[in-house]
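A.B. asks: Quick one, fold the following:
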Amino acid sequence: MPKQTVPNVTLNNGVQIPQLGFGVFQVPPEETQRIVEDALEAGYRHIDTAAAYGNEAAVGAAIAASGIPRADIFLTTKLRNGEQGTAREAFGHSRRELGVDYVDLYLIHWPVPSRNLFAEAWKAMEELHAGGEIRAIGVSNFLANHLDTLLQSADVVPAVNQFELHPTFQQPELAAKSRSRGIAVEAYSPLGQGADLDAAAVTSVADGHGVTPAQVVLAWHLAQSTIVIPKSANSGRMRDNLAAVDVVLTPEEIGGITALEAGARIGSDPAVAAHSQM
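C.D. replies: Numbering: from 1, shown residues only. Okay, the predicted model is just below:
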């Protein structure tokens, strides 16, 4: 599918990010290069990784092997929780692992409020951003109170807040707060790790449109201006997911999926999560 069919979201600093990207969470390092090469071949131009995933080098190798100009690929990586006190050095390591001169988006992976270091990390990221090594900086898994704390001392408003968001766990208040401050919302686990695909509100719409349940849920995200990063090791499914940009849902269909909200968190709670990811 031609990459130009994927709409861009303009971030608060003018940088454009493809709204539908490809995530590599829990993709084994030894499989990552092949899978990312497949994703790039399918038409993805937005790749999301993290230092904690252990596969940055393989992502970088796939980008290099693809022959696609670096400027045509939007690349995100994230700061490990255990390295918030040494963010500048951690970023340098990630950049070298990726084999790139700059990263398009760098995120604080988790707030880890028990360590009280994320504001310090943000200052280092602001300096890297000012120096041109990062085109946009943002956060991941930040709840409303974490955003409030960060914004008290930040000179740069985060461009993105990436957090768990899918039909049965939407965090609408957090999404609204992020957007009210000009922070774009990016969904991880956008399909509820598959758990949300069997809901009647999803399957009936899929049947009506002649598309897959995953395409319906991704179209639901896209309709709300949410950036989304599904993951698949299957090249056919990669292409199916990318084709979600052509699925247009009615307001009634969107409302039916939104009504699936059930508070069904899958991942860790950012209020208490403190894993070091080292």
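
A.B. asks: got the residue ranges for the strands in the stretch 101-250 of the chain?
C.D. replies: 103-108, 134-140, 160-164, 184-188, 227-228 (DSSP state E, counting those that start in this stretch).

A.B. asks: Tell me which of those strands approaches residue 15 most closely.
C.D. replies: strand 134-140 (4.7 Å; Cβ to Cβ). All C-beta spots, glycine's among them, are computed from the backbone N, C-alpha and C.

A.B. asks: Report the angle between the closest one and strand 184-188.
C.D. replies: Per axes from the mean of the first three to the mean of the last three Cα atoms, to 10 degrees, the angle that strand 134-140 makes with strand 184-188 is 60 degrees.

A.B. asks: circling back: is it possible to get a markdown table of the strands of the stretch 101-250 of the chain that adds mean neighbour count, distance to residue 250 and mean pLDDT?
C.D. replies: Shown next, in a markdown table, are the strands of the stretch 101-250 of the chain (neighbours: other Cβ atoms under 10 Å; distance: least, Cβ to Cβ, whole Å; pLDDT from 0 to 100):
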| stretch | mean neighbour count | distance to residue 250 | mean pLDDT |
| --- | --- | --- | --- |
| strand 103-108 | 25 | 32 | 98 |
| strand 134-140 | 25 | 32 | 98 |
| strand 160-164 | 24 | 26 | 98 |
| strand 184-188 | 24 | 21 | 98 |
| strand 227-228 | 26 | 20 | 98 |
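
A.B. asks: Dump these into a markdown table; add distance to residue 217 as well.
C.D. replies: Shown next, in a markdown table, are those (distance: least, Cβ to Cβ, whole Å):
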| stretch | distance to residue 217 |
| --- | --- |
| strand 103-108 | 23 |
| strand 134-140 | 20 |
| strand 160-164 | 14 |
| strand 184-188 | 10 |
| strand 227-228 | 9 |
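
A.B. asks: Skipping its backbone neighbours, what lies nearest residue 184 in space?
C.D. replies: Leaving aside its sequence neighbours, residue 184 sits nearest to residue 160 (Cβ to Cβ, 6 or more residues apart in numbering; 4.9 Å).

A.B. asks: so who does that neighbour touch?
C.D. replies: The contact partners of residue 160, taken as Cβ atoms under 8 Å, 6 or more residues apart in numbering, are 11, 17, 105, 107, 136, 138-139, 183-186, 227.

A.B. asks: can we see that at 6 Å?
C.D. replies: Contacts for residue 160 (Cβ atoms under 6 Å, 6 or more residues apart in numbering) come out as 138, 184, 186.

A.B. asks: Shouldn't residue 61 be within a strand?
C.D. replies: No: counting by DSSP: H, G, I helix; E, B strand; the rest coil, residue 61 is not part of a strand but helix.

A.B. asks: gap between the residue nearest to it when sequence neighbours are not counted and residue 66?
C.D. replies: Distances taken as Cβ to Cβ, 6+ apart put residue 33 closest to residue 61, at 4.8 Å, once the chain neighbours are dropped. According to Cβ to Cβ, to the nearest Å, residue 33 and residue 66 sit 10 Å apart.

A.B. asks: Which of these two has more residues huddled nearby?
C.D. replies: residue 33 (20 against 16; other Cβ atoms under 10 Å).

A.B. asks: element containing the more buried one, please.
C.D. replies: helix 29-42 (DSSP states H and E).

A.B. asks: Rounded mean pLDDT for that helix, please.
C.D. replies: For helix 29-42, mean pLDDT rounds to 98.

A.B. asks: swap in stretch 166-175?
C.D. replies: Mean predicted confidence for stretch 166-175 is 98.

A.B. asks: Give me the contact list for it.
C.D. replies: 144, 165, 185, 189-190, 192, 196, 257, 260-262, 264-265.

A.B. asks: got it, and stretch 263-275?
C.D. replies: Outside stretch 263-275, the residues that reach it (Cβ under 6 Å, 6+ apart) are 110-112, 114, 141, 143, 164, 168-169, 189, 193.

A.B. asks: what's residue 36 in contact with, if anything?
C.D. replies: 59, 62 are the contacts of residue 36 under Cβ under 6 Å, 6+ apart.

A.B. asks: and the contacts of residue 160 as a markdown table, adding distance to residue 277?
C.D. replies: Output for the contacts of residue 160, formatted as a markdown table (distance: Cβ to Cβ, whole Å):
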| residue | distance to residue 277 |
| --- | --- |
| 138 | 17 |
| 184 | 24 |
| 186 | 19 |
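
A.B. asks: before we move on, back to that, from what I can see the residue nearest to residue 61 touches residue 63, true?
C.D. replies: No: shown here, residue 33 and residue 63 do not form a contact pair, counting by Cβ atoms under 6 Å, at 9.4 Å.
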